[in-house]
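Q: The sequence isn't on hand, but the structure is:
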């Protein structure tokens with residue numbers, strides 16, 4: 001590394017390989033083979049194949065260029081020129097594969113070759129990737145130049161113990177297994193504690209403070225704003241005990257840990273995202289993929305969410321652009337790509353406040369992104385704008401000079417259509433957009449009150465229908481009229497019901513539905529938390545289908561994730577004249593029939 005400093009500024013990939021990486025591999029104790037042929041012609045293979053021993057290398061030589069060649073490898077290494085960003089793609093290579101994000105190049109090679117370990121390096125930074133059952137996981141990234149030149153023996157020793165032949169073959173597997181056993185014991189104890197503190201309690205105001213303490217002991221740096229706001233509304237005080245990190249818990253595994261501790265039953269996120277989204281469509285492009293809208297109606301602690309996010313990110317690497325010369329920098333950077341997917345592709349509704357907080361914390365810590373389109377609420381409790389027209393005469397005027405509710409609701413939809421069509425980056429558009437936004441905020445608040453009050457009538461008979469009509473016909477009234485409404489006891493009552501039961505009106509929470517619909521909807525009907533009563537899977541599935549299908553595109557897919565085959569449920573769904581059902585391993589895919 002010290003000698004390499006003289007040439008690093010102009011070092012090419014071949015310089016980096018000859019003068020730095022290969023000498024380092026010898027020091028690390030590897031038997032290796034350079035430039036092994038990959039079995040897919042459109043893919044640039046790994047730069048180095050790492051073997052358990054010389055015998056394995058010799059044994060593999062006759063299998064050169066086949067998938068079986070890689071069955072005998074300890075790992076593969078992908079090399080980039082010194083200093084190249086390993087998390088961003090660049091243009092200019094003959095093979096499109098080489099233009100993509102280097103980290104995903106390694107993931108692709110691991111996924112298809114079945115090699116257990118992958119190393120990605122530009123000489124300075126070394127990234128080690130382990131291939132588990134589902135998606136590849138980056139274990140460690142080390143700045144070798146900084147640690148060696150600064151004389152940091154601890155970092156240098158860590159590098160050797162991690163990236164060496166001994167490290168990959170023996171040390172790391174033993175450490176991972178040891179940590180797994182410790183974590184299993186720790187989580188079993190925590191699960192007993194969580195079950196004990198919940199006991200027979202069923203009310204959220206009793207359960208949330210107890211679950212909150214167990215959660216914060218595991219993740220002491222996390223905040224739970226949605227949970228605490230809910231408890232504060234009911235004047236429930238929470239203890240702010242101080243906890244220290246144990247070092248046992250890997251924050252990468254937050255979703256799995258929380259699901260193990262706090263769910264009574266949940267579906268394993270074991271599905272092939274490529275098969276569901278792309279299927280047999282050979283013409284699918286990167287632009288097609290990253291324009292999809294996908295709703296997760298039961299995100300829980302994020303097991304399905306991470307599968308969707310990681311899966312879409314990986315698929316975007318595999319798929320080509322519509323135009324071969326296209327290159328969008330935001331999509332060719334691992335971090336910005338995943339943020340883009342959260343901002344543009346994924347939507348979610350979580351019924352439990354504490355699970356919602358845990359989900360948001362997980363997405364923030366794991367991806368450094370805020371999930372704007374994931375919201376708390378119960379997707380099964382709420383109405384649509386169309387329901388208002390079915391329940392009330394919206395063509396009747398509320399006053400002599402006022403417009404009827406139908407005209408107001410039509411304008412509301414049109415305003416959102418215009419709002420979404422305006423650019424936030426063009427000065428003239430931005431001004432109009434801000435003006436429309438002010439009016440929309442008022443409309444959303446008032447229409448939500450109408451929809452909350454209407455939904456509340458399914459829970460109580462104390463709200464007179466005449467009072468609901470007064471709200472509906474006052475959508476354009478001045479603020480003083482609404483101030484009077486807000487002081488009424490019946491108004492406060494339906495707001496309490498809405499908060500307690502998580503009323504969720506799709507079009508108001510996700511206004512994009514006023515002009516568009518989802519391409520995919522995912523549900524886990526068996527998901528329930530340890531403090532909830534279990535609902536039969538068949539009933540839950542039908543309820544989600546009834547609520548979700550109106551917001552699915554005509555050619556969209558409704559994906560039901562299951563633990564068991566559920567043959568009775570399949571038989572019931574296949575009787576439908578509205579939907580076609582296709583059964584796959586542990587899931588059903590529903591599509592709308594052409595009527």
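A: Good, I have the coordinates. This structure is a prediction, so every number in the text was calculated from the model and none was measured.

Q: There's contact between residue 112 and residue 40 in this structure, I believe.
A: Yes - with contacts counted by C-beta atoms under 8 Å, residue 112 reaches residue 40, the gap being 7.0 Å. Quick note: C-beta positions are derived from backbone N, CA and C, even for glycine.

Q: how far does the longest helix belonging to the chain sit from the chain's center?
A: Longest helix in the chain by number of residues (criterion: DSSP state H): helix 427-456. Put simply, helix 427-456 sits 28 Å off its chain's centre (C-alpha atoms, centre = their mean, to the nearest Å).

Q: Likewise for stretch 499-515?
A: Here stretch 499-515 is found 20 Å from its chain centre; the criterion is C-alpha atoms, centre = their mean.

Q: Now do the buried residues in that stretch.
A: By 16 or more other C-beta atoms under 10 Å, the buried positions in stretch 499-515 come out as 501-511, 513-514.

Q: Stretch 445-456 too?
A: In terms of neighbour count (16+ other C-beta under 10 Å), stretch 445-456 has its buried residues at 446-447, 449-456.

Q: next one: stretch 175-189
A: 183, 187.

Q: pLDDT on that stretch, on average?
A: Per-residue pLDDT over stretch 175-189 has a mean of 87.

Q: try stretch 391-401
A: 78.

Q: do stretch 20-37 as well
A: 92.

Q: List just the nearest of the buried residues of stretch 445-456 to residue 381.
A: residue 455 (6.5 Å; C-beta to C-beta).

Q: Let me see the confidence value for the nearest residue to that closest one once chain neighbours are set aside.
A: Among residues not flanking residue 455 along the chain, residue 503 sits closest, at 5.1 Å (C-beta to C-beta, 6 or more residues apart in numbering). pLDDT recorded at residue 503 is 98.

Q: show me the contacts for residue 231.
A: Applying C-beta atoms under 8 Å, 6 or more residues apart in numbering to residue 231 gives the contacts 205, 208-209, 237-238.

Q: now, the most widely separated pair of the residues you listed?
A: 208 and 237 (12.0 Å).

Q: So these two - more neighbours on which side?
A: residue 208 (25 against 8; other C-beta atoms under 10 Å).

Q: For the more buried one, give its distance to residue 230.
A: Note on residue 208: its distance to residue 230, by C-beta to C-beta, to the nearest Å, is 7 Å.

Q: repeat for residue 410
A: 35 Å.

Q: Look at those two and report which has more neighbours.
A: For residue 410 versus residue 230, neighbours defined as other C-beta under 10 Å are more numerous around residue 230 (23 against 14).

Q: Please point out which parts of the top strand by length along the chain sit buried.
A: Of all the segments of type strand in the chain, defined by DSSP state E, the longest one is strand 552-561. Judged by neighbour count (16+ other C-beta under 10 Å), strand 552-561 contains these buried residues: 552, 556-561.

Q: which among those gets closest to residue 146?
A: Out of these, the member with the shortest distance to residue 146 (by C-beta to C-beta) is residue 561, at 44.4 Å.

Q: circling back to that earlier point, I'd like the buried residues of stretch 445-456 written out as a markdown table, with distance to residue 570 and pLDDT added.
A: A markdown table is the format used below for these (distance: C-beta to C-beta, whole Å; pLDDT from 0 to 100):
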| residue | distance to residue 570 | pLDDT |
| --- | --- | --- |
| 446 | 43 | 96 |
| 447 | 39 | 97 |
| 449 | 41 | 96 |
| 450 | 39 | 96 |
| 451 | 34 | 97 |
| 452 | 36 | 97 |
| 453 | 39 | 95 |
| 454 | 35 | 95 |
| 455 | 32 | 96 |
| 456 | 36 | 95 |
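
Q: which one of these sits closest to residue 242?
A: The shortest approach to residue 242 among those belongs to residue 452, at 38.4 Å (C-beta to C-beta).

Q: correct me, but the closest one touches residue 492?
A: No - Residue 452 is beyond contact range of residue 492, at 11.6 Å (criterion: C-beta under 8 Å).

Q: And residue 541, its phi and psi?
A: phi -60, psi -50 (degrees, to the nearest 10).

Q: How much space separates it from residue 379?
A: Noted for residue 541: a distance of 13 Å to residue 379, by C-beta to C-beta.

Q: Then residue 354?
A: 17 Å.

Q: try residue 293
A: 15 Å.

Q: next one: residue 40
A: 42 Å.

Q: Neighbour count for the two, which is higher?
A: The residue with more neighbours, out of residue 40 and residue 379, is residue 379; 25 against 13, by other C-beta under 10 Å.

Q: Now do the same contact list for residue 146.
A: 152, 155.

Q: and it, what element?
A: Residue 146 belongs to helix 144-149 when assigned by DSSP states H and E.

Q: thinking again about what came up before, now list whatever residues contact both of residue 208 and residue 230.
A: residue 353.

Q: Quick check: which ranges of the stretch 301-450 of the chain have low pLDDT?
A: For the stretch 301-450 of the chain, applying pLDDT under 70 flags the ranges 398-401.

Q: Try it again at 50.
A: Judged against pLDDT under 50, the stretch 301-450 of the chain has no low-scoring part.

Q: for it, what spans make up the strands?
A: 346-350, 374-376 (DSSP state E, counting those that start in this stretch).

Q: follow-up on the earlier one: out of the buried residues of stretch 445-456, which is nearest to residue 181?
A: Checking the buried residues of stretch 445-456 against residue 181 by C-beta to C-beta gives residue 455 as the nearest, at 49.0 Å.

Q: Let me see the mean pLDDT of stretch 215-230.
A: For stretch 215-230, mean pLDDT rounds to 93.

Q: Kindly check the end-to-end length of that stretch for me.
A: One end of stretch 215-230 sits 17 Å from the other (C-alpha to C-alpha, to the nearest Å).

Q: residues of that stretch that come out buried?
A: By neighbour count on 16+ other C-beta under 10 Å, the buried set for stretch 215-230 is 215-219, 222, 224, 226-228, 230.

Q: Give the burial count for the nearest residue to residue 29 once chain neighbours are set aside, as a bare number.
A: Spatial nearest neighbour of residue 29, excluding adjacent residues (C-beta to C-beta, 6+ apart): residue 165 at 3.9 Å. The tally of other residues near residue 165 (other C-beta under 10 Å) stands at 20.
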